[in-house]
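Colleague: Sharing a sequence plus its predicted fold:
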Amino acid sequence: MSKKTIILGIESSCDETAVSIIEDSESGIPKILSNIISSQVDVHKEFGGVVPDLAARSHLEKIDLIAKKAIKESGIHLSKVSAIAATAGPGLIVCLTVGLNFGKAMAASLNIPFIGVNHLEGHALSPKLHSKLNYPYLLLLISGGHSQYLIVNGLGNYKRIGTTIDDALGEAFDKTAKLLGIEFPGGPQLEKFAKKGDPNKFDLPKPIISKGGCNLSFAGLKTAILRITKKIKTNQEKFDLAASFQKTIEEILYIKTKVAFQEFRKINSQDESSFVVAGGVAANKGIREKLITVSKENNFKSIFPDLKLCGDNAAMIAMVGLEKYKVKQFDSLDLAANPRLQLDENAKFLKGAGVKL
Ligand code: KG4
Ligand code: ZN
């Protein structure tokens, strides 16, 4: 019997310290042997957002313990691990360095390959942990720092066809939640607020909705919310505003995804293609439902990561590690963290005032 590939993944790009062990399987869908995630919500709550130095210190304090837990829970001996994969970027440099250095030290002491992983590629491949997925596919990546439509042609082969020109969608959720007085991290809570409100109460703007292809913009929406929150007084009005925000986002994504489908089909003409929605915001149920609808209407097969794999985790980092291991894409131990790592390095920078769409 041939030896199965086992990858230990490490994630520390922002405020989650995570270690996971996955094993390759003949079915093509790897087995997650352990997936330990330690969130720092309590560390950052009182500051209303992630404080980089506190985040880095917390990673340093916990990484050893989290790794031990992941190894214990997997039931495998460290000598069976084939390679170590760790997030190399993008993210907070002080945080990335902790996981990266820990991973390099493990690889060196076990004398096995080390693989640096692009965190965004982790999100992009996360559905491969439970579904068969063939290249090329269309990806909508919606997280706290990124909002992009990409054509995924293969491992490390991405073409960006749309991006936000200002805030990321997760950021828009978090900022709106803050304006509504919801505790950090507000994004997931906002959806619960929205369920209690009237989505038609407030008419909110949909920036660049009929121009700019499938590029996105959310900053104008935040300004409108700020203006309204100054006038509203009751809790019911807050619920109504949350519901109106949720509905507006769903409508923006419905329209822009249709444009992205057309762009994808100009290049790839299969009858039924796959549409993957990944990143923290992919956990939003209303957004999921809307994107399932638009996919059905346009003959795309929609695929979402399991809810526990939408947010930051190390299983997705191990998943990329496994794909890279198969093609022997290893890194040397002097690989530096890159806080600005992209998926499509050729894509134009599209942020700030005066951007031409
Ligand atoms: O992918 P992720 O865990 O971290 C980054 O790589 O950024 O995404 C975190 C983002 C946060 O902005 C969070 O508020 C948002 O995802 N998020 C949600 C939901 N769950 C997480 N936004 C809206 N609805 C949710 N249910
Ligand atoms: Zn992420």
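Modeller: Great, that's in hand. What you see is a predicted model; the values in this text were computed from it and never measured. Ligands and ions are numbered 1, 2, ... in the order given.

Colleague: Every contact and neighbour count from this point should use C-alpha atoms.
Modeller: Fine.

Colleague: At the geometric centre of the protein, which residue do we find?
Modeller: Centroid-nearest residue in the chain, with C-alpha atoms, centre = their mean: Gly279, separated by 2.5 Å.

Colleague: I figured it was touching Gly122, is that so?
Modeller: No: Gly279 lies out of contact with Gly122 (C-alpha atoms under 8 Å); the separation is 9.2 Å.

Colleague: Could you pull up the contacting residues of the residue of the stretch 1-150 of the chain at minimum distance from ligand 1?
Modeller: Closest residue of the stretch 1-150 of the chain to ligand 1, C-alpha to the nearest ligand atom: Gly144 (3.2 Å). By C-alpha atoms under 8 Å, 6 or more residues apart in numbering, the contact list for Gly144 reads 168-171, 280-281.

Colleague: Gly286 now?
Modeller: Going by C-alpha under 8 Å, 6+ apart, the list of residues near Gly286 reads 246, 250.

Colleague: Make 223 the starting number, not 1.
Modeller: Noted, 223 is the first residue going forward, which turns the last one into Gly508.

Colleague: Okay, it and Phe467: tell me how far apart.
Modeller: 11 Å (C-alpha to C-alpha, to the nearest Å).

Colleague: Which parts of this structure are strands?
Modeller: In the chain, the segments counted as strands under DSSP state E are 228-233, 238-245, 253-261, 305-311, 336-340, 359-364, 369-376, 379-385, 495-500, 522-525.

Colleague: For the contacts of Gly366, give me a markdown table that also has pLDDT.
Modeller: As requested, the contacts of Gly366 are arranged in a markdown table below (pLDDT from 0 to 100):
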| residue | pLDDT |
| --- | --- |
| Ala390 | 96 |
| Leu391 | 97 |
| Gly392 | 95 |
| Glu393 | 94 |
| Gly502 | 95 |
| Val503 | 97 |
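
Colleague: of those residues, closest to Ile539?
Modeller: Ile539 lies nearest to Gly502 out of the contacts of Gly366, by C-alpha to C-alpha, at 14.7 Å.

Colleague: neighbours of the closest one, just the number please.
Modeller: Per other C-alpha atoms under 10 Å, the neighbour tally for Gly502 reads 23.

Colleague: Now it: closest residue in space, sequence neighbours ignored.
Modeller: Counting by C-alpha to C-alpha, 6 or more residues apart in numbering, Gly502 lies nearest to Gly533, which is 4.2 Å off, once chain neighbours are set aside.

Colleague: Could you double-check that the one you found sits in contact with Asn506?
Modeller: No: Gly533 is beyond contact range of Asn506, at 11.0 Å (criterion: C-alpha under 8 Å).

Colleague: Pick out whichever of those two has more residues nearby.
Modeller: Gly533 (21 against 17).

Colleague: wait, what's in contact with the more buried one?
Modeller: Neighbours of Gly533 in contact, by C-alpha under 8 Å, 6+ apart: 501-503, 505.

Colleague: And the pLDDT for the residue nearest to Ile315 when sequence neighbours are not counted?
Modeller: Excluding the flanking residues, the one nearest Ile315 by C-alpha to C-alpha, 6+ apart is Pro561, at 5.6 Å. On pLDDT, Pro561 comes in at 96.

Colleague: Pro561 - how many residues pack around it?
Modeller: By other C-alpha under 10 Å, the residues close to Pro561 number 18.
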